[in-house]
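Q: need a 3D model of the following:
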Amino acid sequence: MKRFLLAAAMSFVGFAAHAADWTPPGPIKLMIAFAAGGGADTQARLIAEDLEAKLGWQFIPEQVTGKGGLNLAAAIKDMPNDGTAIGMVVTESLGYNMRAADAGMTPDMFTPIVTTAGFQMAVVSLSSKGWSSFDDMIAAAKAGEELRFGTMSPKLSDLAYLIGKANGVDFNIVQVRGGRAVMDGVNAGDMDLGFMAGIQAKGVAAGDLVNLASALSEPLKQTPEAPKMSDIGVEFTADGYFLFIGPAGMPEDARTAIADAIAEVASDENSKAGGIIQKAFGGASVFKGAELDALIAGDYEAAGALLDAASE
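A: I've put the predicted structure just below:
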């Protein structure tokens, strides 16, 4: 316990020191790549609210949605890199989405600042379907049942295709906009299963939904017994994180101060932002600095391999 308290105290001292070393030269434009009122938008706005209260920084939130975060990337790319313009996307925006779009943008045109939370992405169905496992669902498909698989991005559509290919079934893949639309489709019976990234937690806890498989490289926090992607024959995953970025060339003191400030409130379960992150995603997942740079580079590289595999 003493060791934990010492580590926590050192973390707070480091946070305070970075905040004292750098302050924004003006209000921070916070661009948000998610629809207003959704969970991701709420997370971003609560982070800004917590930092305004803690540090006195001023944020100006602005929705810049569309194309899986690429509209935000295009908008922020040429903005001042002094810390007064940051945006919240997902790692997939700088990985699969950027690679697949081939729109003249690459990750090195941006400064990755910090992640806040990872997706709890799972393959989910209604419990009323009678499937208690991934194998039950595959058996139904092989018995002739045509299954509609809901996804909310091209990457997830590719993964759904590869799941079917690895298990000898053909899904009818239905791509819609957002995880809420997938959950609504599954609940309404318009889809038989679909990818959901944490939004399913309440339904799973109530017994209305079933996590058939983790779409991640690790077990789901809520249902760790569900098989991982590697267990169902797929070498790719839907690992991903909410990510704050800025224009390329952001000074290191600005990048570090913003990263440490966001990480502090995201990791604090007693903060408004930390509370919603804990509830929706099982807690914060923070990457920053060189570790984050490596994560972004790896995602971009892996996206090329996924695109190749899905085109076979």
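
Q: burial of the nearest residue to Gln120 once chain neighbours are set aside, as a residue count?
A: With sequence-adjacent residues excluded and distances taken as C-beta to C-beta, 6 or more residues apart in numbering, Gln120 is closest to Gly198, at 4.1 Å. Glycine gets a C-beta too; all of them are placed from N, C-alpha and C. By other C-beta atoms under 10 Å, the residues close to Gly198 number 22.

Q: quick check: phi and psi on Gly198?
A: Main-chain torsions, Gly198, degrees, to the nearest 10: phi 110, psi -30.

Q: mind listing what it touches?
A: By C-beta atoms under 8 Å, 6 or more residues apart in numbering, the contact set of Gly198 is Gly39, Phe119, Gln120, Met121, Gly179, Ala280, Phe281, Gly282.

Q: all helices of the stretch 101-250 of the chain, in order?
A: 134-142, 154-166, 179-188, 201-206 (DSSP state H, counting those that start in this stretch).

Q: using a markdown table, lay out those together with distance to Leu220 and mean pLDDT.
A: Formatted as a markdown table, the helices of the stretch 101-250 of the chain follow (distance: least, C-beta to C-beta, whole Å; pLDDT from 0 to 100):
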| stretch | distance to Leu220 | mean pLDDT |
| --- | --- | --- |
| helix 134-142 | 12 | 98 |
| helix 154-166 | 16 | 97 |
| helix 179-188 | 15 | 94 |
| helix 201-206 | 9 | 94 |
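
Q: what's the most buried one of those?
A: Using mean count of other C-beta atoms under 10 Å, the stretch among the helices of the stretch 101-250 of the chain with the largest mean neighbour count is helix 154-166, at a mean of 21.

Q: pLDDT score for Ala9?
A: Looking at Ala9, its pLDDT is 41.

Q: before we move on, what about the one 5 residues further on?
A: Model confidence at Gly14, expressed as pLDDT, equals 49.
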